[in-house]
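Asks: when you get a sec, could you give me coordinates for this:
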Amino acid sequence: MALIIHAYHVAPNGKSTRIPDAELGLPRPEGEGYDWYHLTRHDPSIQSVFEADAFLDKVAEQTLLAEDSRPRTIMRNDDVLINLRGVNLNPGSEPEDMIGIRFFVQPTRIVSVEKRPLRATGDIAARLDRQVAPKTPGGFMSTFAQAMIERMAPTITELNEQVDGLEEKIETGETEAARSSVSGLRRQAIMLRRYLAPQRDALNSLSQQTLSWISHDDQLRLREAADQATRVTEELDAVRERCAIVKDQLTDIRAEQMNNNMMILAVVSAVFLPLGLISGMMGINVGGMPWVESGMGFWYVTGIVIGVGVIQFILFRILKWV
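Replies: Below is the predicted model:
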């Protein structure tokens, strides 16, 4: 079963050991702890593994292999099917391209499936290698959920820092650099929140269940994980709102720049309109034009144009147009 990435047995006292390939299979009897099997979903042989030796029933198999991986919790007697999502921290990937992981949890067994590597999975496996493990499946789920939230924290912090940088660029007048980044940041916050909000609800739903493998302490820890997901969701809301404010500021700055440009054009037009009228009238070829025979005619017209220009400038200053 090469597609099984991790296989551990956790004893009732919390001591964890790797499961040999020869012992992979059906759930253990109650009272002997629980097993965790973690599989990769992209392997084409995964369905045959599920079907072999009744490793999983059809309903669980279909849910784990379904294309829809929106975070949610599905109860089925004493079993739980739960979908969660974590940030994509793989090289060359975007964090908002979140990775789905699906769990089928029974009193003595946990089966999880992921399509792409999730850092939180490696964190849990490293903890189990140190033989430190939650004593119940409910404790395992709360620990896993908290590990996923911890992996999200640097991404959320980076988003906040990037928004701080945008606000600083606006203060220093680097509006073009800010304008090219704000839409991308807002999109990241929206995409991350799209999955974290239902994940919060899924964890809350699991924490409210009264199952044999979820102790009171497990419920408290699941609620804590749900609260952490809520906090991250609220931070993403804040990032999105700050991006919207930054975008409004950029829009206002651009509108103000356009208004200033339009004012300059209006002032220039207002200055040259009467001057153009004067020069146009002085250039018509009809009888009766003054100073046609005078050698000072050009200078008279020039003086009139300058005088009109000075009067306009004084008037514009009084009206505070310039």
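Asks: if I pick S142, what's in contact with it?
Replies: S142 is in contact with P134, D218, R221, L222, E224, A225, counting by CB atoms under 8 Å, 6 or more residues apart in numbering. Just so you know, the C-beta spots here come from the backbone N, C-alpha and C atoms, and that holds for glycine as well.
Asks: can you pick out the most distant pair from those?
Replies: Comparing every pair within the contacts of S142 by CB to CB identifies P134 and E224 as the most remote, at 13.4 Å.
Asks: so where's the chain uncertain?
Replies: For the chain, applying pLDDT under 70 flags the ranges 1-2, 21-27, 47-55, 68, 286-287, 322.
Asks: strands of that one, start to end?
Replies: 4-10, 16-18, 34-40, 72-76, 79-86, 99-106, 109-114 (DSSP state E).
Asks: so which of those strands comes closest to V305?
Replies: That would be strand 79-86 among those, by CB to CB, at 73.1 Å.
Asks: what's the closest one packed up against?
Replies: The contact analysis (3 or more CB pairs under 8 Å, 6 or more residues apart in numbering; DSSP states H and E) places strand 79-86 against helix 58-65, strand 72-76, strand 99-106, helix 137-171, helix 175-207.
Asks: partner strands of it and their direction?
Replies: Using DSSP bridges, strand 79-86 pairs in its sheet with strand 72-76 (antiparallel), strand 99-106 (antiparallel).
Asks: deepest in the core, which of those is it.
Replies: strand 99-106 (a mean of 23; mean count of other CB atoms under 10 Å).
Asks: circling back to that earlier point, now the strands paired with strand 79-86 in TSV, with distance to R194?
Replies: What follows is the strands paired with strand 79-86, written out as TSV (distance: least, CB to CB, whole Å):
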stretch	distance to R194
strand 72-76	13
strand 99-106	12
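Asks: for the ones you listed, which one sits closest to P44?
Replies: The nearest among the strands paired with strand 79-86, by CB to CB, is strand 99-106 at 17.6 Å.
Asks: could you check the angle the closest one makes with helix 58-65?
Replies: Relative orientation of strand 99-106 versus helix 58-65 (axes from the mean of the first three to the mean of the last three CA atoms, to 10 degrees): 160 degrees.
Asks: measure how far strand 99-106 is from the centre of its chain, please.
Replies: Computed by CA atoms, centre = their mean, to the nearest Å, the separation of strand 99-106 from the middle of its chain amounts to 22 Å.
Asks: how about residues contacting it?
Replies: Contacts of strand 99-106 (CB under 8 Å, 6+ apart): 27, 34, 56, 60, 63-64, 69, 78-88, 110-118, 120-121, 137, 141, 144, 213.
Asks: how about stretch 218-234?
Replies: Contacts of stretch 218-234 (CB under 8 Å, 6+ apart): 134, 136, 138-139, 141-143, 145-146, 149, 152-153, 156, 193, 196-197, 199-200, 203-204, 206-208, 214.
Asks: rerun at 7 Å
Replies: Residues from elsewhere that reach stretch 218-234 (CB atoms under 7 Å, 6 or more residues apart in numbering): 136, 138-139, 141-142, 145-146, 149, 152, 156, 193, 196-197, 199-200, 203-204, 206-207.
Asks: can you tell me which of the contacts of strand 99-106 are buried?
Replies: 34, 56, 60, 63-64, 69, 79-88, 110-114, 116, 118, 120-121, 137, 141, 144, 213 (16 or more other CB atoms under 10 Å).
Asks: now the strands of the chain in JSON lines, with distance to L315?
Replies: Converted to JSON lines, the strands of the chain look like this (distance: least, CB to CB, whole Å):
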{"stretch": "strand 4-10", "distance to L315": "81"}
{"stretch": "strand 16-18", "distance to L315": "87"}
{"stretch": "strand 34-40", "distance to L315": "79"}
{"stretch": "strand 72-76", "distance to L315": "71"}
{"stretch": "strand 79-86", "distance to L315": "66"}
{"stretch": "strand 99-106", "distance to L315": "68"}
{"stretch": "strand 109-114", "distance to L315": "74"}
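Asks: residues contacting stretch 165-178, please?
Replies: So stretch 165-178 is in contact with S181, V182, V246, Q249, L250, I253, going by CB under 7 Å, 6+ apart.
Asks: OK, contacts around the fifth one?
Replies: Under the criterion of CB under 7 Å, 6+ apart, the neighbours of L250 are T175, A178, R179, V182.
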